[in-house]
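In: Sequence first, predicted coordinates after that:
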Amino acid sequence: MNSSAWDKFRKQQSTEREQLQRLLSGIHPLLTKCRTTVPTEIELSALAAVLHSFYTGVENIFKRVAVELDGEPVRGDSWHRQLLLRMKEPTMHRPALLSDELHDSLIEYLRFRHVFRNAYSFDLDWQKMLPLVMRLEDTFRILEAELAAFVE
């Protein structure tokens with residue numbers, strides 16, 4: 001793999017990580033509040049939008065890996081799941097990006113993304129969202145650490 005593809009990927013993932021950091025710092029007060037208080041319907045909708053945006057940003061990084069480093073954009077009906085699966089497998093051009101643990105954690109965010117895109121906001125269930133919301137910042141920290149190791 002040539003170094004210009006890696007350089008391009010490094011810039012792209014850095015920009016995406018900054019956007020994710022901005023997303024999480026903006027919602028941090030609500031995340032803190034939700035540790036002790038059940039969110040209102042409006043707060044629940046905001047949290048759902050953040051969970052969706054978070055996974056979309058993470059997936060954008062994975063799409064960049066697929067295009068820039070693997071040279072194989074994802075296609076097909078189950079491309080979201082396939083893309084996530086590919087990130088825990090090394091290729092001849094790159095090491096694995098995700099640990100099994102992070103992959104398994106991100107599958108839950110991917111599942112929620114699907115729910116979010118196919119449900120009305122009044123159908124959102126706090127009990128189902130709670131673990132994702134509570135783990136959001138830790139999941140991002142782990143992702144950042146694994147991405148940092150990957151780009152080195």
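Out: Perfect, thanks for sending it. Everything numeric here is computed off the predicted structure, so don't read it as measured data.
In: List the buried residues of the helix or strand where Thr32 lies.
Out: Take DSSP states H and E as the rule and Thr32 turns out to sit in helix 3-33. Buried residues in helix 3-33, counting neighbours by 16 or more other CB atoms under 10 Å, are found at 5, 9-10, 12-13, 16-17, 20, 23-24, 27. Any C-beta I mention is one placed from the backbone N, CA and C, and that applies to glycine too.
In: Asp138: which of those is nearest?
Out: Asp138 lies nearest to Leu24 out of the buried residues of helix 3-33, by CB to CB, at 10.7 Å.
In: which residues touch that closest one?
Out: By CB atoms under 8 Å, 6 or more residues apart in numbering, the contact list for Leu24 reads 31, 50, 54, 136-137, 140.
In: and if you look at Val67?
Out: Residues touching Val67, when contacts are defined by CB under 8 Å, 6+ apart, comprise Pro73.
In: how much space between it and Cys34?
Out: When CB to CB, to the nearest Å is the yardstick, Val67 and Cys34 sit 36 Å from each other.
In: ditto for Met129
Out: When Met129 is compared with Cys34 (using CB to CB), they lie 9 Å apart.
In: what's the overlap in contacts for those two?
Out: Listed contacts common to Met129 and Cys34 are Leu47; contacts here mean CB under 8 Å, 6+ apart.
In: List the buried residues for stretch 35-43?
Out: Under the neighbour-count criterion of 16+ other CB under 10 Å, stretch 35-43 has 39, 43 buried.
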